[in-house]
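Trainee: build the 3D model from these lines:
(one chain, ligands or ions: 1)
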Amino acid sequence: MNRANPLTLLLGVAHPVLLAPMAGVSGGALARAVSRAGGLGLIGGGYGDAGWLEEQLVMCAGERFGVGFITWALHRQPRLLSRALDSGAQAIMLSFGDIAPFAGPIRDADAVLIAQVQTVAQARGAVAAGAQIIVAQGGEAGGHGGLRGTIALVPAVVDAVSPVPVIAAGGIADGRGLAAALMLGAAGVLCGTAFYAAIESIADPRAKQRVLEASGDDTVKSEVFDLVRALDWPDGPWGLRSLRNGFSERWANDVSGLRSVLDEEQQRYGLSREQGDFDTAAVIAGEAVDLVHAIAPAADILLSLVDRCREAFASAP
Ligand SMILES: Cc1cc2nc3c(=O)[nH]c(=O)nc-3n(C[C@H](O)[C@H](O)[C@H](O)COP(=O)(O)O)c2cc1C
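Mentor: Numbers count the residues shown, from 1 in each chain. Take a look at the predicted model:
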């Protein structure tokens, strides 16, 4: 996109497209590729593996990039934020938890604080706590998220926090989605599922193949994968959207049954991850998987999104 807006000016990007900081998918190579193509790549700091994060930060040295953290996990290891800032991250995205304690250090480092929210009330709270950009995430999104749909949530958040720039997320994976988001008043988009199968993504090749073959009809929101991965998510309305597989089919409607055999299932699950058995291990993706058709360079994915958005506007009546 050639026209600058408050988001592209704040982030210094050519295109209003951000790579979601996907744990287990968005490593340094993918973040760098998206940034070099004119968007902003965010490394997925996830649950806080310090050694892994260090390696990804090295890959992005000297580049324009950001890092995303799961906020409640960052509370347990706040020094990871300092590492990201010291490494030159220009933006920090925080999702799921209280961002207030981190706003000061991010501002002091001249980095941009991006907060991902799932409701209008959370958006207002995040701005009051110091967020400079809001990501309004609809429940279509891959990964953890809330219940509201993107198309109604985005304009409501735009109205609530104006003039703070709002980014739409959840279900956006091609130029039609980008065009729609801009029409809803968003200043840009944050895409996860669209980049899952990028060449630079660190997702397992067998999981990428499943994404190529899946439809959004095949996704399910459930707590069972968090339970079996021993991820102690705090109480909140954030189910995990992933592809339906043998494991979710067996347990999604029998969570208490899963709890009763959790030790065994955790062992079996750990093995399945090592062996690349994705009929048990989770493939985390959102409803937009219908639009992911090829393993392609991240730059091609981003530039095709932008080109198709231009075409969508050009063909508007
Ligand atoms: C594989 C995967 C992993 C994700 N991991 C994270 C994460 O670690 N932290 C986070 O804030 N969001 C995470 N998300 C959610 C994204 O930030 C974003 O909201 C979502 O990808 C947008 O919807 P989309 O998948 O339809 O593009 C993840 C999403 C996916 C698909």
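Trainee: now do the same contact list for the residue in the stretch 101-250 of the chain positioned nearest to the ligand.
Mentor: The nearest approach of the stretch 101-250 of the chain to the ligand comes at Gly192, 2.0 Å away (C-beta to the nearest ligand atom). For glycine as for every other residue, the C-beta is placed from the backbone atoms N, C-alpha and C. Applying C-beta atoms under 8 Å, 6 or more residues apart in numbering to Gly192 gives the contacts Leu19, Ala20, Met22, Val25, Ser26, Ala141, Gly142, Gly143, Ala169, Ala285, Gly286.
Trainee: again with Met59
Mentor: Counted by C-beta under 8 Å, 6+ apart, Met59 has contacts Gly27, Gly28, Ala29, Ala31, Arg32.
Trainee: any chance of those in a markdown table, with secondary structure, pLDDT and distance to Leu147 too?
Mentor: Below are the contacts of Met59 laid out as a markdown table (DSSP: H, G, I helix; E, B strand; the rest coil; pLDDT from 0 to 100; distance: C-beta to C-beta, whole Å):
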| residue | secondary structure | pLDDT | distance to Leu147 |
| --- | --- | --- | --- |
| Gly27 | coil | 98 | 30 |
| Gly28 | helix | 98 | 33 |
| Ala29 | helix | 98 | 33 |
| Ala31 | helix | 98 | 29 |
| Arg32 | helix | 98 | 34 |
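Trainee: let's see if you can find the most crowded of those.
Mentor: In terms of neighbours by other C-beta atoms under 10 Å, the contacts of Met59 top out with Ala31 at 32 neighbours.
Trainee: what about the nearest residue to that residue once chain neighbours are set aside, neighbour count?
Mentor: With C-beta to C-beta, 6 or more residues apart in numbering as the criterion, Ala31 has its nearest non-adjacent residue at 3.0 Å, and that residue is Gly41. Residue crowding around Gly41 was assessed by other C-beta under 10 Å; the count is 33.
Trainee: confirm that Gly41 sits in a strand.
Mentor: Yes: membership of Gly41 in a strand is supported by DSSP: H, G, I helix; E, B strand; the rest coil.
Trainee: what bridges to it?
Mentor: Leu19 (DSSP bridges).
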